[in-house]
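# Show me the folded form of this:
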Amino acid sequence: MAASLATLQNQIRKDPPSYKDDFAVQYEYLKSKIALFFVSPSSELNDEISELIMFASHCLKCYPIYHEEFPKMLENLIRKHNSVLPSELRVIICKSLIILRNRDLYQPVLLMKLFFELLGCPDKFLRDMLKTHIITDIRNINLKNSNNKMNRAIQAFIHSMLFKASPIAAKIAIQIMIELYKKHVWNDSKTVNIIADGCLSNNNKVMVAALTFFLSNDSSKKDEEADSSEDDEKQEKAKKIHNLMKTAGVTKKAKNKMKKLERARLILHKESKKKRKPEGSFLAIHLLNDPQTFAEKLYKELGRLNEKFDIKLMVIQLIARVVGVHQLFLFNFYPYLQKYLSHSQVHCTKLLAAAAQASHPLVPPDVIEPVLKHIANTFISDHQTNEVMAVGINAVREICARCPLSIDKDLLQDLAQYKKHTDKGVSMAARSLISLFRTINRSLLAKADQGKPDEALQSGTAPLDYGASKPMESIPGIEFLNESSSEEEEEAEADEGGEADASQLGTKRKRLSSSISSTGSSRKRRRTISEGSAGGRAASKRQRTSSLSSLGKSRKTGARSRSLSETSTAGSKVRKTADEWMTEKILTEEDFKRIEDKRLEWMMQGKQQRKGKRQSSPEREDDNGEILNPSNIEHISKHKKMTKEERLETIRKGRKEKKSYGPKREKMDPHASSTNTDKRKNKPFLMVVHKRGIKERTKKSFAEKQRDLKKKLLRAARSK
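Numbering: from 1, shown residues only. From the prediction side, this is the model:
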């Protein structure tokens, strides 16, 4: 049967009209076999039907009469009898429908709806096959241009499936939506809002999948564009490090320079890490249509949940993230979160991070202040462990960084006193809190902790009140662009002025040489004529030194005046160009790149170059971003105790690095015997105890040993 169908299929492809009747016979035979299968199903009929279906699907494009009838027959067969059909036949029918779809003999929307209905079948292999086909088909449809009409129809069908379909089908449907968003096929607001509705589903699996989507940060790893941009950044970083190594290789080797080079490498590594921030699915939160209503619904869902605390924690984290990003008002959320903030809680760091994430400048300080005081009283006290205290101070720092008005003066000064704590983690956390308030509001700190004010604070900027905002007055880092432009102008002026200085120096040298030659000839004449040649020599020497000193003074004064005029003009140019950048010119990509390069150069400068007046980097956007990682709160400056396996691993590493001890020269013959000296070393002590040398050595007194040592040293000195 299979061989005859294969030969018939080959002949139909070559000459379709000649074999039209043969195809019609096989088609009618297929119909009869399907009818017989439902009367008395058997494995033999199953194999025959599978072969006939695949034959018909491959040859159908040659006969347009059956284009509508055959797909409808297969669709009705699998839709009505999918629970009765054996798994092999179900897979064959789905494969034949995919073949018809690839040849444009079946509408994609109808096929998608059918496949989404079949996702509830108790057949894992079929479900995986259908899921893969749906994702690839939608991706291929939107490859060149997005088909909005078809996308809207499928999205509406998936949205209805989340609440009406079986739990397995709803879970796979939300997974398909998430996968298409990650592949940048459906990355619009409608997709995000459908996934957001999945967070409110009664099905826990759908809810967890949707919550994980909004909380995950690693979805951009599969993006090809992100990979290519990372490669470009790696190449740029490698080029910069290569230039640094080149300069270090040319200049004189010194420990200080190598330290600077290592410091520059670390800065470049940190900057490249900042550039490669994981965007991930977190950007989806910005596409929510009504974040306030969504946050309120999620908070209402918290009261309904009777599941494990892990699911409740995910909902808390998502609420905090939505509130923090969109700066929403959800005042009941903070007291609810406060009851879970305890050092005995397993996930206390995640809850502290959620409390910090939910705080923003628009929340009234009276709302966040009870949470902050609760953290201070629960975590930061002398009867707690050092790790708990460090985590508490770090959490207070993160909350104050987002809402500076939430802490009062007394509490801040009390926490600042932990800078002298014996534990390094606690003291480092307290110092980080002090350094934060030095930039935000120095007046709240004690006078000893305020430190030297930065340039921004010296200019008179006061801390902002609640609800107030400060508009940007200039582009961040514009000062670096002014420095680069002024450096270029100075180089051009130096090139032009170099020729004039050289000509002036040439004329002065000629005058000096002529004066020296005249004094030399007069000295010779005086030596021959008069006896007062010594006085003439002294006078000529004085004259020569006075002329040289006057020339040096004139050079110094000229250079000083020239440098003063240059600095004054350069300063005026910098001020002038700063206004020009802001009003007259639109900055290009090259300008922003120059700003970033100059900022890196400023950071790479050593401490010796930054001596004297304290410098501050120009204003720059906050590098922390919108996501608060719990590791920022868990960061404790303390070496954790190593396990036995880790200790053994370090021991083995040290053994590999050590040089092998033993004879410098290897034996020519490894089987040869050892020398007499080696044998003497390895002899047991009882065999050599009766020797005369050993007996005398043991009987010697301290004075005799001292005398022998002195003789030995004198002998060695004489031989030298």
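
# which one is residue 347 nearest to, not counting chain neighbours?
Leaving aside its chain neighbours, residue 347 sits nearest to residue 313 (5.6 Å; criterion: C-beta to C-beta, 6 or more residues apart in numbering). The way it works is simple: take the backbone N, C-alpha and C, and place the C-beta from them, glycine included.

# how about the one you found, what does it touch?
347, 350, 351 (C-beta atoms under 8 Å, 6 or more residues apart in numbering).

# could you measure the residue lying closest to the last one once chain neighbours are set aside against residue 411, distance?
What that stands for is residue 351. Once flanking residues are discounted, residue 351 sits nearest to residue 340: 5.3 Å by C-beta to C-beta, 6+ apart. Using C-beta to C-beta, to the nearest Å, one gets 22 Å for the distance from residue 340 to residue 411.

# now do residue 213
Counting by C-beta to C-beta, the gap from residue 213 to residue 411 is 38 Å.

# which of these two has more neighbours?
Taking other C-beta atoms under 10 Å, residue 213 and residue 411 do not tie; residue 213 has more neighbours (25 against 17).

# which ones are touching residue 351?
313, 316, 337, 340, 341, 345.

# quick one: which of these sit in strands?
Counting by DSSP state E, none of the members of the contacts of residue 351 fall within strands.

# Report the lowest-confidence entry in those.
Within those, pLDDT reaches its minimum at residue 345, with 88.

# That residue: neighbour count?
Counted with other C-beta under 10 Å, residue 345 comes out at 14.

# do the same with the one 3 residues further on
Residue 348 sits with 22 neighbouring residues when counted by other C-beta under 10 Å.

# Correct me if wrong: it contacts residue 391.
Yes. At 7.3 Å, residue 348 counts as touching residue 391 under the criterion of C-beta atoms under 8 Å.

# in this structure, which helix or strand is least confident?
helix 455-458 (a mean of 44; mean pLDDT, DSSP states H and E).

# which SSE is residue 83 in?
Counting by DSSP states H and E, no helix or strand carries residue 83.

# The residue nearest to residue 650 when sequence neighbours are not counted: what secondary structure?
Using C-beta to C-beta, 6+ apart and skipping residues adjacent in sequence, the residue nearest residue 650 is residue 642, 7.5 Å away. At residue 642 the chain is in coil, as set by DSSP: H, G, I helix; E, B strand; the rest coil.

# Quick one: neighbours of residue 642, just the number.
Using other C-beta under 10 Å, residue 642 has 11 neighbouring residues.

# Kindly report the same for residue 85.
22.

# Find me the pLDDT at it, would you?
For residue 85, pLDDT reads 84.

# what's the helix or strand for it?
Using DSSP H and E, residue 85 sits in no helix or strand.

# Residue 79 now?
helix 69-80.

# cool, residue 335 as well?
Short version, using DSSP H and E: residue 335 is in helix 333-338.

# Give the next helix or strand downstream of that helix.
helix 348-358.

# after that following helix, next one along is what?
helix 365-379.

# Could you give me the buried positions within that following helix?
The neighbour-count check on helix 365-379 (16 or more other C-beta atoms under 10 Å) flags 365, 367, 368, 369, 371, 372, 373, 374, 375, 376, 378, 379 as buried.

# Leaving aside the residues adjacent along the chain, what's closest to residue 157?
Using C-beta to C-beta, 6+ apart and skipping residues adjacent in sequence, the residue nearest residue 157 is residue 113, 5.7 Å away.

# Quick check: phi and psi at the residue lying closest to residue 87 once chain neighbours are set aside.
Once flanking residues are discounted, residue 87 sits nearest to residue 123: 5.1 Å by C-beta to C-beta, 6+ apart. The phi/psi pair for residue 123 (degrees, to the nearest 10) reads phi -140, psi 100.

# Return the distance of the residue nearest to residue 351 relative to residue 312.
9 Å.

# Going by how many neighbours each has, rank the two and give me the top one.
residue 340 (18 against 15).

# how close does that one sit to residue 399?
16 Å.

# returning to what we had before: who touches the helix holding residue 79?
27, 31, 34, 53, 56-57, 60, 85, 90, 93-94, 96-97, 100, 105-106, 110, 114, 117-118.

# switch the cut-off to 7 Å
34, 56, 60, 85, 90, 93, 96-97, 100, 105-106, 114, 117 (C-beta atoms under 7 Å, 6 or more residues apart in numbering).

# on that earlier part again, for the buried residues of helix 365-379, give me a markdown table that also has distance to residue 150 and pLDDT.
Listed next are the buried residues of helix 365-379 as a markdown table, based on distance: C-beta to C-beta, whole Å; pLDDT from 0 to 100:
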| residue | distance to residue 150 | pLDDT |
| --- | --- | --- |
| 365 | 51 | 90 |
| 367 | 47 | 93 |
| 368 | 48 | 92 |
| 369 | 53 | 93 |
| 371 | 48 | 94 |
| 372 | 52 | 93 |
| 373 | 56 | 93 |
| 374 | 53 | 94 |
| 375 | 52 | 94 |
| 376 | 57 | 93 |
| 378 | 55 | 92 |
| 379 | 54 | 93 |
